[in-house]
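[1] Build me a model:
(chains A and B)
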Amino acid sequence: MRTDMCGDLRATDIGRTVAVCGWVARRREHGEHLAFIDVRDRTGLVQCVVDGAHDLRSEYVVRVTGTVRQRPEGTTNADLTTGDVEIGDCTVEVLNAAEPPPFPISDRVDADENVRLRYRYLDLRRDRMQRNLRVRAKVNSALRTSMERQGFVEVETPLLWTPTPEGAREFVVPSRLQHGSFYVLPQSPQLAKQLLMVGGVDRYYQIARCLRDEDLRADRQFEFTQLDIEASFVTQDEVLDVISEAVLDAAEAVTGNRPDPIPRIPWVDAMERYGSDKPDLRFGMILMELTEVFAATEFNAFKAPCIKGINAAGLAADYGRNKLDSLTDRAKQLGAKGLVWLKVGDGGALDSPVAKFLSPQEQEGIVAVLRAQPGDLLLLVADERHKVREVLGTLRNDLGRPPVSDGPYRYAWITEFPLFEGLDDQGNPVSAHHPFTMPHPDDLDLLETDPLKVRSQSYDLVLNGWELGSGSIRIHRADIQSRLFKTLGITDEEAQGRFGFLLNAFRFGAPPHGGFAVGLDRLIAILAGEDNIREVIAFPKTQSGLDPLTDAPKPVADTVLRDLGVRLLPPPT
RNA sequence: GGUCCCGUGGUGCAGUUUGGAGUGCACGCCGGCCUGUCAAGCCGGAGGUCGCGGGUUCAAAUCCCGUCGGGACCGCCA
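    Just a heads-up that it's a prediction; the model follows:
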């Protein structure tokens, strides 16, 4: 039907008779016998010179045959890849007429999200979306190639899975053949891939769809895609190497440049330096330790277990009283008792409401530790250590963080996460990752004595302040798993009920294993320069979980419910 | 469950603070003119439940309450 793609035509094609197919992007009429139409396909636009365009309208589907020729002197268009040439002597065949689109098929205007999604098939015609889909395809392809090269085998796992009461809320699927029982859609292939390790697959990967019935965000959809991997007989470093290779390959495939090797930062360092377990390494403003400086302070607000400060370099002039007050409000909102700000004057003197409470030695200490220069704005928080980290980490992002999709790409591995995060209502520790995460070998004996101090062999991958994924070395030995369940307050019977199939499998020779999962929607969004994963998903849902295109979710017929053995409750009042 | 922003011809916006005739801008659409444009240009025209419901008022796009939808965020996301 066609000989060429619109966007591919170049001066080297001059003289060829070609046929292109696509949509009428624009037409420019110059009287009865001269008109230009721009024909668009997924590769771009080409200008066709036609003898009148009266029967053509925007988005008509056409097949144009003609001869590629050099554009006349002075009429080339440097903004188009095809701008040196045009198709002349055109015959235009209308393959299909079209109504005017409900919004312009153009990158210049951003239509209402609801309208974009209702007419997603039109939205997808836009350059931006075409580009994003192709970035996505490139990433998928690069990852597959990388994983294959590294000896991994793609295995598909079930979508109809079994409920696991831990973790994210699951989508539930009623069983027609077993009334009263339900499948769930997997929040990840976690347990399936561990079974594959017991099955001797050794090196598994999958570009896997995962489903979680949790509230939606710019970086979260109900269904999302992970590069999921699991490997046997590996150390943590080996897992990190495999994933590093894969994501650097993906970035290189998209951008043409290979980002720097990915630094590995222990969790406690990330929290101390950036106040976050997903630090954005594109900017500094490190949280500096001031506790020692105020060891003997007379200033009551600084008689605290931990004092840290950040230096918002050069921002003193930008922050007048109002903005400083709202920063203070923000800090209090985050749970701080207060926020101390100091501006560094021209002579290096500190200008601050609390300056008079600080000794000269303390003031010098602040300047030295924060490497303060005239014009800098210094922000200090004194409190419990975890609170100081959290508040200053948030302020650091508020003050310094560029949009997520701005370059450069700064990946980071965060390692040695705590095994547990806090206590539940019954006073039992809560797994930070999941209950099959291997404790750090040096901390095993703390399981029974000081569980909250136990580090784990788990790790996150971060890119420009977005969490891209997480993984861990798993527990493969029954004795350690049993100790962990005991620490979590889970009895052997409960464990059997919840994860029996996995624990049974582990009795038959489970190899040491570990893995990781990379959130591809987020990775692709960042590589595509988007700050919302909807932009890299062909058919996403709105924030309230609706699909304006199909109107899903919808009620189903009573007969369907009857077949499933399901009865609806009256709507809540 | 909560906080904040948004909803005005097909599209994007202004108008809302301080109530006074559906007022304005740009694009698109329809018709006409136009032989080198490229976000073509010029002339003319059509097109409105100001998301929806209620309230206040002589009078509501504008103020108040509720509700629906979109977005950002908190909670939630082992």
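[2] And the residue of the stretch 351-500 of chain A closest to RNA strand B?
    In the stretch 351-500 of chain A, the residue that lies nearest RNA strand B is residue A:434 (3.5 Å; C-beta to the nearest atom of the strand). Heads up, the C-betas are built off the backbone N, CA and C, glycines and all.
[3] Surely that residue touches residue A:190?
    Yes - judged on C-beta atoms under 8 Å, residue A:434 makes contact with residue A:190 at a distance of 6.8 Å.
[4] which of those two has more neighbours?
    More crowded of residue A:434 and residue A:190, by other C-beta atoms under 10 Å: residue A:190, with 21 against 16.
[5] from what I can see that one touches residue A:433, true?
    No - under the criterion of C-beta under 8 Å, residue A:190 is not in contact with residue A:433, lying 10.2 Å apart.
[6] Below-threshold pLDDT in chain A: ranges please.
    Scanning chain A for pLDDT under 70 picks out A:571-573.
[7] Show me the domain layout of it.
    Under the assignment automatic domain parsing, the domains of chain A span A:6-96, A:111-258+A:459-472+A:511-544, A:284-400, A:427-456+A:477-508.
[8] which parts of the stretch 101-250 of chain A sit against RNA strand B?
    A:102-104, A:108-115, A:164, A:166-169, A:187-188, A:190-191, A:212, A:214-220 (C-beta under 7 Å from any atom of the strand).
[9] What ranges does the stretch 451-573 of chain A have for its helices?
    In the stretch 451-573 of chain A, helices defined by DSSP state H, counting those that start in this stretch lie at A:478-488, A:492-506, A:520-527, A:558-564, listed in chain order.
[10] Show me where the stretch 251-400 of chain A has its helices.
    Using DSSP H, counting those that start in this stretch, helices in the stretch 251-400 of chain A cover A:267-274, A:321-333, A:360-369, A:385-400.
[11] Redo these as a markdown table? Include distance to RNA strand B and mean neighbour count.
    Shown next, in a markdown table, are the helices of the stretch 251-400 of chain A (distance: least, C-beta to the nearest atom of the strand, whole Å; neighbours: other C-beta atoms under 10 Å):
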| stretch | distance to RNA strand B | mean neighbour count |
| --- | --- | --- |
| helix A:267-274 | 15 | 20 |
| helix A:321-333 | 9 | 14 |
| helix A:360-369 | 29 | 16 |
| helix A:385-400 | 9 | 20 |
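[12] Can you say which of the ones you listed is nearest to residue A:477?
    For residue A:477, the closest of the helices of the stretch 251-400 of chain A is helix A:267-274, at 24.1 Å, according to C-beta to C-beta.
[13] How many neighbouring residues does residue A:10 have?
    The burial count assigned to residue A:10 is 13, neighbours taken as other C-beta under 10 Å.
[14] and the residue of chain A found nearest RNA strand B, which of the three is it?
    Proximity of chain A to RNA strand B (C-beta to the nearest atom of the strand) peaks at residue A:31, 2.1 Å away. Put simply, residue A:31 is coil when judged by DSSP: H, G, I helix; E, B strand; the rest coil.
[15] got it, and the one 5 residues further on?
    In three-state terms, and counting by three-state DSSP, residue A:36 is strand.
[16] Spell out which parts of the stretch 351-500 of chain A neighbour RNA strand B.
    A:430, A:431, A:432, A:433, A:434, A:435.
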